[in-house]
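[1] This is a predicted model, with the sequence first.
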Amino acid sequence: MSYFKHHVFFCCNQRAEGESCCNNFGASALQTYAKDRTAELGLRGKGSVRINKAGCLGRCDEGPVMVVYPDNVWYTFLDKEDIDEIIDQHLVQGHIVERLRLPDGGAA
């Protein structure tokens, strides 16, 4: 069994002005929000959820992006409501949020 049930990585890459990157869409702020929200829900720690920042995940043109492991599900998101939906549906209930899912993520 994995140490965490879900390990979530947010691309928080910042590229030079004019280049596409996830941080141009508020990825760092939304990563912090997700970390705080999972803590409020009692989802942090061993056997539960870990929310991390990552450098470039290689999909900035589709950004902002995050990936949930071990499910290998890639998401895009725009706001706190999207993050809440991913937390509530995927991390809590185990249902992939298809409307936010990026292609080629591979189902669990």
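    Good, I have the coordinates.

[2] Could you use CA atoms for every contact and neighbour count after this?
    Noted.

[3] Which helix or which strand is home to Asp36?
    Taking DSSP states H and E as the definition, Asp36 sits inside helix 27-40.

[4] got the contact list for that helix?
    The contact list for helix 27-40 (C-alpha atoms under 8 Å, 6 or more residues apart in numbering) reads 10-12, 44, 49-53, 64-65, 79-80, 83-84, 87.

[5] Please repeat the previous calculation with a cut-off of 7 Å.
    By C-alpha atoms under 7 Å, 6 or more residues apart in numbering, the surrounding residues in contact with helix 27-40 are Phe10, Cys11, Cys12, Arg44, Ile51, Lys53, Pro64, Lys80, Ile83.

[6] Does the residue most central in space within the chain lie in a helix or a strand, and which?
    Residue closest to the average C-alpha location in the chain (C-alpha atoms, centre = their mean): Met66, at 3.4 Å. Using DSSP H and E, Met66 sits within strand 65-69.

[7] Name the next helix or strand downstream of that strand, please.
    Using DSSP H and E, the first helix or strand after strand 65-69 is strand 73-76.

[8] Just the C-alphas of that following strand, formatted as PDB.
    Once non-C-alpha atoms are left out, strand 73-76 reads as follows in PDB (Å, rounded to 0.1, in the frame of the first residue of the first chain):
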ATOM      1  CA  VAL A  73      -5.500  11.300 -13.700                       C
ATOM      2  CA  TRP A  74      -4.700  14.700 -15.200                       C
ATOM      3  CA  TYR A  75      -6.900  17.700 -14.600                       C
ATOM      4  CA  THR A  76      -7.200  21.300 -15.600                       C
END
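
[9] Taking strand 65-69 as reference, get the angle to the helix holding Asp36.
    40 degrees (axes from the mean of the first three to the mean of the last three C-alpha atoms, to 10 degrees).

[10] so for the helix or strand following helix 27-40, what's the average pLDDT?
    Once helix 27-40 ends, the next helix or strand along the chain (criterion: DSSP H and E) is strand 49-54. Strand 49-54 shows a mean pLDDT of 96 in the predicted model.
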